[in-house]
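Peer 1: Structure, please.
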Amino acid sequence: MLTALSAPAYAQTSEAPAAELETVTVTGYRGTQLDGVKTPRSVQDTPRIVTVLTSELLEDQNVTELRSALRNVSGISLQAGEGNPPGGDQLKIRGFNARDDLNVNGTRDLGNYFRDPFYVDQIEVIKGPNSAFSGRGSAGGTINFVTKKPLLEDRNRIETSIGTDSLTRLTGDFNRRIDENSAFRLNVMHHGQDGHGRDVVEQDRHGLYGAYIWGLQGDTQVEVDFLHTRQDNIPDQGIPIDREGFSGDPGELGSNGRTPGGQRASDGYYTGEVPPGLDYSNYYGHRDDYQKIDVNQLGLAVTHYLNENLSLRNQFRVSQVENDSITSSPRIKIPEAAWGSGDFSQAEVQGDLKPRDQTDRSFFNQTDLLISFDTGNISHDLVVGAELGYVDIENDRRPDQSGPRTSLYDPERRVRPEAYYDGSSHRLESEQLGLYVLNVAALSPQWDLHTGVRWDRVEMTATDKGYAEPLGPISRTDSEFSGNLGLVFKPTANGTVYASVGTAFDVTGTFDRGLVQLAGGGDATQGGREDIVDVNAFDTDPEKTVAYELGTKWTIANNLLVSAALFRTDKTNARTPALGGGDLLNVLDGEQRVEGYEVGAMGSLAPGWDLYTSYTYMTSEVRSSNNPWEVGSSLGGTPRHTFNLWSDYDLTPRWSIGGGMEYVDSQVNNVNSEPGARRRQVEIDGYSVFHASTSYRFTDQLQGRLNMFNLADKEYISQLAEGGAQGIPGPGRHAIATLRYDF
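Peer 2: Numbering: from 1, shown residues only. Coordinates of the predicted model:
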């Protein structure tokens, strides 16, 4: 029934227990229902790989940020920003950028900030193209945050944590039943710490999330929620990597170690690696680098049940993210006399200032009509909907600058140059309209057919101002269809076999496509500038993706869901460098492919023994490019092997132990996209890290937990910048002790 999708309240009576009000169903580490798709099927019956990170798993691992949560999902890699776009959660799913494919309760969550899951009930990772459900983007997959909903009961929880590296954390979860029809829930958080294994780096943030629901026992439900977070960090731009270097015929190099076009033989050893002997704790930023991020979101959802087969739901979310920051991207500098020598002893590091004063504003409104009906012996769950969206991103510019240098091996914190506003700004606006029809047809007890089609119209407008000759506004409008088709066969009640195909598109006028520059460039007061867009590339067709998946899912002993799938994703019209240079820096005629397989298991092996594990193997290739040096290379952020494992076991009714690991294979950055470039790709080593935990329940209300991370204190790069100039080391060995009190 479609009514099970939006909320199960229609079927409730006044005698219904409060537990039935939950929008998701969880058994230990196994999430069974999804909030991030519009069609009402369980995880097992959904024709694609879906990973659900349940609240129990997040609590057992003491997860305090999205990046930590995603270590449980194979096939995902984390990226490091180089200043444009600014810092925030940046990731790839199955090799494709997913920074703009984050949702809250099914509506898009834009903005560059680091997400703390203090208000999240579960995190859903839906692999594969998702444009038929959520519009533009979604080539590799979508991440959906399901927030904590008010319940018809009074209950409270306070957690306090202390840890190594001066970590302190306090969270509170307070739920109040107002009457038999409404409830309110409040979550609060404060978190502070130094960098785990990183000098100077600091995090300080606080947050508040409130949600109110009215109409839980009636035909009409109204939910209002509000999120506020404030972050005040000393940002981590990582350590420099020796990315420069000519990988072509040495005979083309002149006596100065450069090609006739000026490309250098090397700034060092052109290894494409971290310089040898570098201390991973080194900090290369300036003394007064900072990052201040404010997030404010307001949501309103109204659901009306006309009858048990027909309901109407409207969701509205408005968001503003303000990012005021100055970060320093470390760049290796070596005297010309040492070029090509492999001698890093004379190396210095220059901090390239990346100022940002950016505000991201957005609103999205979704209206869905949900209908359940039969045609003969075939039952249908149909969704007909529309989405309106508006995004406004503006950066008041402070020009990039090169700061003073410091030693590569013994860095000092320097006073950075003054970062001043030059009176110019860049602005990118987007107006979006989407219309969609989705249907799940139960052809028989054994066969389900999933179909969907969506039409989107996206108008992008780019403007700069404050220059003697301002650019724009320039606009482009794209209209595209997306679709999905899935067939599910259920040979038994506990097993499914499925095949699916889906398409996605993404417009070129987004700054994560590398065509829009909201920051950077010279001082406008001195005649310098950085155009907001590559004008010619802006006026090109969208990138398009088609993906195929063949898989199976089985529930063992009613508690453990095991899955396996083969997948292939092809992107066409991909961004590729123009060889001619000049105004046309990019063209969109490339082809890329990512393919592989994935296996996983989540749930319980036995009473008191939970398991969460997955493994992904994938290969990637640039199959076609305007730059012949790109052809055959791997895509950035696509490690061939990724594996994660976590298990928790109850030794007694009060005492449990847990542990696990994550493995990420070596990976490279994207091929350099300068016209005719032959710079070799940077490659970072693979790594394995191990974690452990133990918890003890002193009383029914009081529980203690100890989590230990990176037990072997492994040094590794967890986030590689797209351009390859720097990498951010993963957290060193650390521990967190937590007390939780329920009342």
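
Peer 1: what's the neighbour count on T54?
Peer 2: T54 is flanked by 24 other residues according to other CB atoms under 10 Å. Every C-beta, even on glycine, is put in place using the N, C-alpha and C of the backbone.

Peer 1: same check, this time on T699
Peer 2: T699: 9 surrounding residues under other CB under 10 Å.

Peer 1: In its sheet, which strands sit next to the longest strand belonging to the chain, and in what direction?
Peer 2: Counting residues, the longest strand in the chain under DSSP state E turns out to be strand 348-375. When pairs are called by DSSP bridges, strand 348-375 turns out to pair with strand 310-333 (antiparallel), strand 378-396 (antiparallel), strand 401-407 (antiparallel).

Peer 1: Now the ones you listed in TSV, please, with extra columns for mean pLDDT and mean neighbour count.
Peer 2: Formatted as TSV, the strands paired with strand 348-375 follow (pLDDT from 0 to 100; neighbours: other CB atoms under 10 Å):
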stretch	mean pLDDT	mean neighbour count
strand 310-333	94	20
strand 378-396	95	18
strand 401-407	91	16
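
Peer 1: Export these to TSV and append columns for distance to F538.
Peer 2: What follows is the strands paired with strand 348-375, written out as TSV (distance: least, CB to CB, whole Å):
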stretch	distance to F538
strand 310-333	23
strand 378-396	15
strand 401-407	27
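
Peer 1: Quick one: closest of the ones you listed to F567.
Peer 2: Nearest to F567, of all the strands paired with strand 348-375, is strand 378-396, at 24.8 Å by CB to CB.

Peer 1: show me the contacts for the closest residue to D236 other than its chain neighbours.
Peer 2: Take D236 and drop its neighbours on the chain: the residue closest to it by CB to CB, 6 or more residues apart in numbering is V201, 4.4 Å away. V201 makes contact with D194, G195, N233, I234, P235, D236, Y283, according to CB atoms under 8 Å, 6 or more residues apart in numbering.

Peer 1: and L57, that one's in a strand?
Peer 2: No. Read with DSSP: H, G, I helix; E, B strand; the rest coil, L57 is helix and lies in no strand.

Peer 1: what's around it, how many residues?
Peer 2: L57, neighbours per other CB under 10 Å, totals 25.

Peer 1: Same question for I728.
Peer 2: Counted with other CB under 10 Å, I728 comes out at 23.

Peer 1: what's the answer for E180, then?
Peer 2: Counted with other CB under 10 Å, E180 comes out at 10.

Peer 1: now the residue lying closest to it once chain neighbours are set aside, what's its secondary structure?
Peer 2: Residue nearest to E180 in three dimensions, not counting chain neighbours: Q217, with 6.0 Å by CB to CB, 6+ apart. At Q217, secondary structure determined by three-state DSSP is coil.

Peer 1: Is it correct that Q217 is in contact with N181?
Peer 2: Yes. Using CB atoms under 8 Å, Q217 is in contact with N181, at 5.1 Å.

Peer 1: Look up how far D179 lies from the residue nearest to E180.
Peer 2: Distance, Q217 to D179, by CB to CB, to the nearest Å: 10 Å.

Peer 1: repeat for F344
Peer 2: 69 Å.

Peer 1: So which of these two has more stuff around it?
Peer 2: Taking other CB under 10 Å, F344 and D179 do not tie; F344 has more neighbours (20 against 10).

Peer 1: Now do the SS call for that one.
Peer 2: The three-state assignment at F344 reads coil, by three-state DSSP.

Peer 1: Quick check: chain neighbours aside, which residue is closest to it?
Peer 2: P275 (4.9 Å).

Peer 1: Look at the one you found and say how many residues are nearby.
Peer 2: P275: 18 surrounding residues under other CB under 10 Å.

Peer 1: In contact with it, which residues are there?
Peer 2: Neighbouring residues of P275 by CB under 8 Å, 6+ apart: P240, I241, D242, G268, I332, F344, A347, L408.

Peer 1: Around the second one, how many other residues sit close by?
Peer 2: This points to I241. A count of neighbours around I241, defined by other CB under 10 Å, yields 27.

Peer 1: List the contacts of it.
Peer 2: I241 makes contacts with G272, E273, V274, P275, I332, V682, I684, L720, G724, A725, Q726, G727, as judged by CB under 8 Å, 6+ apart.

Peer 1: Mark which of those are part of strands, please.
Peer 2: Reading strands off the contacts of I241 with DSSP E, I get I332, I684, L720, Q726, G727.

Peer 1: Give the bridge partners for the second one, please.
Peer 2: Think I684. Applying DSSP bridges to I684 gives these bridge partners: Q667.

Peer 1: That one - how many residues pack around it?
Peer 2: By the criterion of other CB under 10 Å, I684 has 22 neighbours.

Peer 1: I'd guessed it sits against I239; true?
Peer 2: No. Under the criterion of CB under 8 Å, I684 is not in contact with I239, lying 10.9 Å apart.

Peer 1: Residues that sit against both of those two, list them.
Peer 2: Contact criterion CB under 8 Å, 6+ apart; residues shared by I684 and I239: V274, I717, G727.

Peer 1: In PyMOL, select just the buried ones from those residues.
Peer 2: Remark: buried members of the shared contacts of I684 and I239, expressed as a PyMOL selection using 16 or more other CB atoms under 10 Å:
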select buried, resi 274+717+727
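
Peer 1: still on that earlier bit, what's the closest of the ones in strands among the contacts of I241 to Q44?
Peer 2: Nearest to Q44 out of the ones in strands among the contacts of I241 is L720 (CB to CB; 35.1 Å).

Peer 1: Which residues lie in contact with that closest one in this structure?
Peer 2: Here L720 is in contact with Q79, A80, I241, G636, G637, Q667, V668, N669, V682, I684, G727 (CB under 8 Å, 6+ apart).

Peer 1: hmm, try it at 6 Å
Peer 2: L720 makes contacts with N669, I684, G727, as judged by CB atoms under 6 Å, 6 or more residues apart in numbering.

Peer 1: Pairing partners for it in the sheet, please.
Peer 2: Under the criterion used (DSSP bridges), L720 bridges to Q79, G727.

Peer 1: least trustworthy position among the contacts of L720, going by pLDDT?
Peer 2: Among these, N669 carries the lowest pLDDT, at 85.

Peer 1: which stretches of this structure form helices?
Peer 2: 3-6, 55-60, 66-69, 131-134, 535-538 (DSSP state H).

Peer 1: got any ranges where the stretch 451-600 of the chain has weak pLDDT?
Peer 2: Applying pLDDT under 70 to the stretch 451-600 of the chain flags the ranges 466-469, 509-537, 577-587.

Peer 1: same check, this time on the chain
Peer 2: For the chain, applying pLDDT under 70 flags the ranges 1-27, 36, 81-87, 243-272, 336-342, 466-469, 509-537, 577-587, 671-680.

Peer 1: same thing but at 50, please
Peer 2: The model of the chain has pLDDT under 50 over residues 1-26, 85, 246-248, 256-257, 261-269, 511-515, 581-584, 675-677.

Peer 1: one step back: show the backbone phi and psi for the residue nearest to D236.
Peer 2: phi -60, psi 140 (degrees, to the nearest 10).

Peer 1: roughly how far apart are it and G351?
Peer 2: 14 Å.

Peer 1: thinking again about what came up before, measure the residue nearest to D236 to G238 for me?
Peer 2: 10 Å.

Peer 1: try G452
Peer 2: Separation of G452 from G238 (CB to CB): 41 Å.

Peer 1: So between these two, which is more surrounded?
Peer 2: G238 (29 against 22).

Peer 1: if I pick the more buried one, what's in contact with it?
Peer 2: By CB under 6 Å, 6+ apart, the residues touching G238 are A80, Q726, G727, I728.

Peer 1: and with 10 Å instead?
Peer 2: 80-82, 198, 201, 274, 280, 282-285, 329-330, 717-721, 725-729 (CB atoms under 10 Å, 6 or more residues apart in numbering).

Peer 1: likewise D650?
Peer 2: Contact analysis of D650 by CB under 10 Å, 6+ apart lists A606, P607, G608, W609, D610, S656, I657, G658, S695, R697.

Peer 1: Same question for Y612.
Peer 2: Y612 makes contacts with 28-30, 51-54, 56-57, 60-61, 72-73, 600-603, 644-648, 660, as judged by CB under 10 Å, 6+ apart.
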